[in-house]
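In: what would the 3D arrangement of this be:
(2 chains)
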Amino acid sequence: MTELRKQIENVIQSEDVALFMKGTPQFVMCGNSSRALEALRAAGAPVTTVDVLPDPRIRQELSAISSWPTIPQVFVRGELIGGADIIEELAQNGELERTLEEKLGPEYRGEGAERVVTVT
Amino acid sequence: MAVDLLRGLLEQAFPGSEVEVHDRTGGGDHFQVTVASARFDGLTLLEQHRLVNDALAGPLGDGTIHELRIRTKGSQ
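Out: Below you'll find the model as predicted:
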């Protein structure tokens, strides 16, 4: 396994909520990444973001791990929840908060501030 | 036209379904696809979207699709 792949796996497994996106929360570079981030924020999720843009290999390795072809991708406690459309739909019908509560516990809101991590 | 390509792939993957493909920007690479198929019945959203992604693996992989939005519906 490459070092990069190990780092990506590590983020997926160790972060409560991992959002792989184009850009950062301060400079979102894609409409779908923005939609996913906003839905997660609205649900109060403790989001850790990873920017896939600095190196195309990040996206390649990530998609190889998740078998999901597009960006963004949202993982909760190591499990792929979906891309922007799924996150938005789950947020609208209340499922997103339910999933977060199930996986992170009822006190998940405000557990951690938004964080940005880099993989190289 | 990429719209026709996508519609063809989806209709092939989901026979008897209702398929809509919309070019969101007019630029031919940002798409909204809606598929209503009985094949989605009983599947999670993630599984439903995986089926759509699989059907569009070609144009997703070769860059024809720059951005994809998916909406799935079961038969209900």
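
In: tell me the confidence at residue 10?
Out: Chain wasn't specified; assuming chain A. For A:Asn10, the pLDDT comes out at 97.

In: wait, I meant chain B there
Out: For B:Leu10, the model assigns a pLDDT of 98.

In: could you point out which element follows the strand or helix carrying it?
Out: Here B:Leu10 sits within helix B:2-13, counting by DSSP states H and E. Next along the chain after helix B:2-13, taking DSSP H and E as the criterion, comes strand B:18-23.

In: contacts for that following strand?
Out: The contact list for strand B:18-23 (C-beta atoms under 8 Å, 6 or more residues apart in numbering or on different chains) reads B:2-3, B:6-7, B:10-11, B:30-37. Any C-beta I mention is one placed from the backbone N, CA and C, and that applies to glycine too.

In: of those residues, select the buried ones using a ChimeraX command.
Out: Buried members of the contacts of strand B:18-23 can be picked out in ChimeraX with the line below, counting by 16 or more other C-beta atoms under 10 Å in any protein chain shown:
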select /B:6,10,11,30,31,33,34,35,36,37
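
In: beta partners of the most centrally placed residue in chain A?
Out: Closest residue to the average C-alpha location of chain A: A:Leu19 at 1.6 Å, with C-alpha atoms, centre = their mean. When assigned by DSSP bridges, A:Leu19 has beta-bridge partners A:Thr49, A:Val74.

In: what sits against it?
Out: A:Ser33, A:Ala36, A:Leu37, A:Leu40, A:Val47, A:Thr48, A:Thr49, A:Val50, A:Pro72, A:Gln73, A:Val74.

In: residue contacts, the first one?
Out: This points to A:Ser33. A:Ser33 neighbours (C-beta under 8 Å, 6+ apart): A:Leu19, A:Met21, A:Lys22, A:Gly23, A:Ile71, A:Pro72, A:Ala84.

In: between those residues, which is nearest chain B?
Out: A:Ala84 (7.4 Å; C-beta to the nearest C-beta).

In: give me the number of residues near that closest one?
Out: Per other C-beta atoms under 10 Å in any protein chain shown, the neighbour tally for A:Ala84 reads 27.

In: kindly report the same for A:Pro25.
Out: Neighbour tally, A:Pro25, other C-beta under 10 Å: 17.

In: residues in contact with it?
Out: A:Pro25 is in contact with A:Leu37, A:Val47, A:Thr49, A:Glu114, A:Val116, counting by C-beta under 8 Å, 6+ apart.
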